[in-house]
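Visitor: Here's my sequence, what's the structure:
(chains A and B)
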Amino acid sequence: MVEVSTAEAPPARAGDAGGAAAAGRGRDAPVQAWLRFFRSELRLVFGRRRNQALLVVVGLFPLIIGIGLRLGDQGGNSGGPSVAFITQLAGNGVFLSFIGLTLLLILVMPLAVAVVAGDSMAGEAGYGTLRSLLAVPAGRVRLLSVKYATIVIFALVVTFLVAAVALATGAALFPVGPVTLLSGTTVPLADAMLRLVFVSLYVAAAMATLGMIGLALSTLTEHAIGAIAALAIVVVTSEVVDNVPQFAAIHPYLPTHWWNSFDSLLRVPIDTGTLLRGLLSFAVYLLIFGSFTWARFTTADVTS
Amino acid sequence: MTALAVASSGLTKRFRGGQVAVDHIDLAVPRGSVYGFLGPNGSGKTTTIRVLLGLAFPTSGRAELLGEPMPSGAIRVLPRVGSLIEGPAFYPFLTGRDNLVRCDAADRTADPRTAAARIGEALDRVGLLAAAGKRYRHYSLGMKQRLAIAAGLLTPRELIVLDEPTNGLDPQGTREVRGLIRQIAADGITVFVSSHLLAEVEQVCSDVGVMRTGRLVFQGPLEELRATGAARVRVETAEPAAAVAVLERLGLTDPQVAGNEVSAQLAGDQPERICAELVGAGVGVRGLGMVTPSLEDLFVGLTGEGFDIDG
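Guide: Got it, this is the predicted structure:
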């Protein structure tokens, strides 16, 4: 697909509003037009009640987990769940954000990302708006880029929402102070907050990678629910296989294997080796599914 | 600048299953015309339109829109082409206006500063200004079709492609759409409109192309299609056998007898002379007249009667 600046549009368009505007905006015109399309996509995704409800539900989880753990704590801490960081929580509410991320990474957050990513192209195909958008013309590569950028933003919003609600809940229900990390080192609260930001970014990268797999699945169907379910199955299957020791050889290659490696950031010194291997795994998945999506969508007939 | 708004040569689309939906069609749509793209359901109209607009890729052959090759020139030429493909398609949870805002935002050539004014104008043109704040989900079918046409009018166009814009509409809705097509054409915009019903578009078309099972079986000005319908002479008589003999002697072809009625293809002979010859031969003539086939008859002749599924 050839990108052509509208400033070079044929003379027939020179007099009309679009051509004149493009000429007035000059070289930045394609960028500004992309941003306008991107904002429209963000409004579509975040303005939709279904997605807003989804975010509210996801945001409620850390609150419920926090209250549950606080009640369990008061009852003598006899039969609480065995989750990482659980022993640290009683001493410091900050750990609720790490607990929240760990627990919700199992299904709730991937499912939320799956809804938006699986719906991205399949939803448009289902409504028939895909053919309208392409006839506008939105441009196939441009449409994919806008769709994926929106999925990335959604992944960031989901992750930071969970971290923020968990942090606020933890701070309200448990003591807060200097944080003793997994390596036994105690760091100031500000240092721990910075680590939480990096943990969230790492988890968001994991979710954004999952979103690319979802986008790929989404180009294969015009039934959004099919793409959403398929992505959920990918996540669950990967997690099951990751927990079967006999499959240890393939564990590092599973899409979900490195998601919990964010705990590498909670050590002094930071376990950069594990962290980088996780990021490399995300990059490889992005590349594979990104290329697949591009190759398929730029050559496929749109029949919806 | 070429004189053709839409041109194709040998355009063919074969689906993966092997079915040939569009079979070597050579379209020639003159600029400024209202081109009726006709044919029964399943004759390949929508597939042709999808290929012309770059949604589907042709198996072989070439297509051009406003002089630009498709699909490679899609980004350059499509901003000048408004389209409605296979029925209106919008987000049910957005209002009519928000749906148009969305369409406009996707267009890299549209000026955001004039968006609100252009969208208002397009809504006004199709008579949807009052319903602009209603969710699309609550629109009637006619309103949906009109919103789709409004989407095609958001920016100045040179060509409007409307695929079955009257599909499913009541007679009033059909008239409204015809009125819109007339207005658009009056602005000098070429209109390419498909329909499975000749009657719905014949009043507005200057040119027609007729599809039958993937092939273009007729293309040209509407008058040319009308002229292909040879007139027949119809004789009412008590002696049909004798009348047929006279008509055949005069060189008329395809004689048909139905009770007391005889008809034959007229070949330049004046009906007056035929009457005189019949009377001269002693055939009693009770009535004599000329029958010109209606456009509808010609159309059905080209496309086949109903349920004629041979592809």
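Visitor: can you give me the end-to-end distance of stretch B:36-48?
Guide: Counting by C-alpha to C-alpha, to the nearest Å, the length from the leading to the trailing residue of stretch B:36-48 is 13 Å.
Visitor: and that stretch, average pLDDT?
Guide: If you average the pLDDT over stretch B:36-48, you get 90.
Visitor: residues in contact with the spatially most central residue of chain B?
Guide: When C-alpha atoms, centre = their mean is applied to chain B, the residue found nearest the centroid is residue B:36 (2.6 Å). By C-beta atoms under 8 Å, 6 or more residues apart in numbering or on different chains, the contact set of residue B:36 is B:193, B:194, B:195, B:198, B:201, B:202, B:204, B:205, B:207, B:208, B:209, B:222. Glycine gets a C-beta too; all of them are placed from N, C-alpha and C.
Visitor: Please tabulate those in JSON lines, including the columns distance to residue B:256, secondary structure and pLDDT.
Guide: As requested, those are arranged in JSON lines below (distance: C-beta to C-beta, whole Å; DSSP: H, G, I helix; E, B strand; the rest coil; pLDDT from 0 to 100):
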{"residue": "B:193", "distance to residue B:256": "36", "secondary structure": "strand", "pLDDT": "94"}
{"residue": "B:194", "distance to residue B:256": "34", "secondary structure": "strand", "pLDDT": "93"}
{"residue": "B:195", "distance to residue B:256": "31", "secondary structure": "strand", "pLDDT": "90"}
{"residue": "B:198", "distance to residue B:256": "25", "secondary structure": "helix", "pLDDT": "81"}
{"residue": "B:201", "distance to residue B:256": "31", "secondary structure": "helix", "pLDDT": "80"}
{"residue": "B:202", "distance to residue B:256": "27", "secondary structure": "coil", "pLDDT": "82"}
{"residue": "B:204", "distance to residue B:256": "35", "secondary structure": "coil", "pLDDT": "90"}
{"residue": "B:205", "distance to residue B:256": "31", "secondary structure": "coil", "pLDDT": "91"}
{"residue": "B:207", "distance to residue B:256": "32", "secondary structure": "strand", "pLDDT": "93"}
{"residue": "B:208", "distance to residue B:256": "28", "secondary structure": "strand", "pLDDT": "92"}
{"residue": "B:209", "distance to residue B:256": "31", "secondary structure": "strand", "pLDDT": "93"}
{"residue": "B:222", "distance to residue B:256": "28", "secondary structure": "helix", "pLDDT": "86"}
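Visitor: tell me which of those residues is nearest to residue A:143?
Guide: residue B:194 (25.4 Å; C-beta to C-beta).
Visitor: how much space is there between that closest one and residue B:63?
Guide: 15 Å (C-beta to C-beta, to the nearest Å).
Visitor: Please identify which of the two sits among more neighbours.
Guide: residue B:194 (26 against 23; other C-beta atoms under 10 Å in any protein chain shown).
Visitor: Could you find the closest non-adjacent residue to that one?
Guide: residue B:37 (4.1 Å; C-beta to C-beta, 6 or more residues apart in numbering or on different chains).
Visitor: follow-up on the earlier one: distance to residue B:95 added to the contacts of residue B:36, as JSON lines?
Guide: Below are the contacts of residue B:36 laid out as JSON lines (distance: C-beta to C-beta, whole Å):
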{"residue": "B:193", "distance to residue B:95": "27"}
{"residue": "B:194", "distance to residue B:95": "28"}
{"residue": "B:195", "distance to residue B:95": "29"}
{"residue": "B:198", "distance to residue B:95": "36"}
{"residue": "B:201", "distance to residue B:95": "30"}
{"residue": "B:202", "distance to residue B:95": "36"}
{"residue": "B:204", "distance to residue B:95": "30"}
{"residue": "B:205", "distance to residue B:95": "34"}
{"residue": "B:207", "distance to residue B:95": "37"}
{"residue": "B:208", "distance to residue B:95": "37"}
{"residue": "B:209", "distance to residue B:95": "37"}
{"residue": "B:222", "distance to residue B:95": "39"}
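Visitor: Residue A:191: which element?
Guide: helix A:189-218 (DSSP states H and E).
Visitor: Whichever helix or strand comes after that helix versus helix A:189-218: what angle between them?
Guide: Note on helix A:189-218: by DSSP H and E, the next helix or strand toward the C-terminus is helix A:224-242. When axes from the mean of the first three to the mean of the last three C-alpha atoms, to 10 degrees is applied, the directions of helix A:224-242 and helix A:189-218 differ by 120 degrees.
Visitor: hey, where'd the helices end up in chain A?
Guide: A:17-25, A:29-46, A:49-74, A:86-89, A:95-104, A:108-127, A:129-135, A:140-173, A:189-218, A:224-242, A:272-297 (DSSP state H).
Visitor: Format these as a markdown table; extra columns: distance to chain B, mean pLDDT and mean neighbour count.
Guide: Output for these, formatted as a markdown table (distance: least, C-beta to the nearest C-beta, whole Å; pLDDT from 0 to 100; neighbours: other C-beta atoms under 10 Å in any protein chain shown):
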| stretch | distance to chain B | mean pLDDT | mean neighbour count |
| --- | --- | --- | --- |
| helix A:17-25 | 3 | 45 | 18 |
| helix A:29-46 | 4 | 94 | 18 |
| helix A:49-74 | 7 | 91 | 15 |
| helix A:86-89 | 41 | 79 | 18 |
| helix A:95-104 | 27 | 94 | 25 |
| helix A:108-127 | 6 | 96 | 25 |
| helix A:129-135 | 5 | 94 | 24 |
| helix A:140-173 | 7 | 96 | 21 |
| helix A:189-218 | 16 | 96 | 22 |
| helix A:224-242 | 13 | 96 | 18 |
| helix A:272-297 | 12 | 96 | 16 |
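Visitor: quick one: terminal-to-terminal distance for stretch B:70-82?
Guide: OK, stretch B:70-82 end separation, C-alpha to C-alpha: 15 Å.
Visitor: Could you give the separation of it from the chain centroid?
Guide: Chain-centre distance of stretch B:70-82: 22 Å, with C-alpha atoms, centre = their mean, to the nearest Å.
Visitor: what does stretch B:204-220 give?
Guide: Between the centre of stretch B:204-220 and the centre of its chain there are 7 Å (C-alpha atoms, centre = their mean).
Visitor: Next, the buried residues of that stretch.
Guide: B:204-205, B:207-219 (16 or more other C-beta atoms under 10 Å in any protein chain shown).
Visitor: Closest to residue B:32 out of those residues?
Guide: Nearest to residue B:32 among these: residue B:207, at 10.1 Å, using C-beta to C-beta.
Visitor: for the closest one, what are its contacts?
Guide: B:29, B:30, B:33, B:34, B:35, B:36, B:219, B:220, B:221, B:222.
Visitor: Where does the prediction get shaky in chain B?
Guide: B:1-2, B:268-269, B:305-311 (pLDDT under 70).
Visitor: care to break it down by domain?
Guide: Following the assignment in automatic domain parsing, chain B carries domains at B:4-227, B:232-292.
Visitor: Pick the most buried one from those domains.
Guide: With neighbours defined as mean count of other C-beta atoms under 10 Å in any protein chain shown, those peak in mean count at domain B:4-227, which reaches a mean of 20.
Visitor: first to last residue in it, what's the distance?
Guide: 24 Å.
Visitor: now the helix holding residue A:191, how far from the chain's geometric center?
Guide: Using C-alpha atoms, centre = their mean, the offset of helix A:189-218 from its chain centre is 6 Å.
Visitor: what's it packed up against?
Guide: Counting contacts by 3 or more C-beta pairs under 8 Å, 6 or more residues apart in numbering or on different chains; DSSP states H and E, helix A:189-218 packs against helix A:95-104, helix A:108-127, helix A:140-173, strand A:179-180, helix A:224-242, helix A:272-297.
Visitor: List of residues touching the fourth one?
Guide: Surrounding strand A:179-180, the residues in contact under the criterion C-beta under 8 Å, 6+ apart are A:88, A:91, A:92, A:94, A:95, A:186, A:187, A:188, A:189, A:191, A:192.
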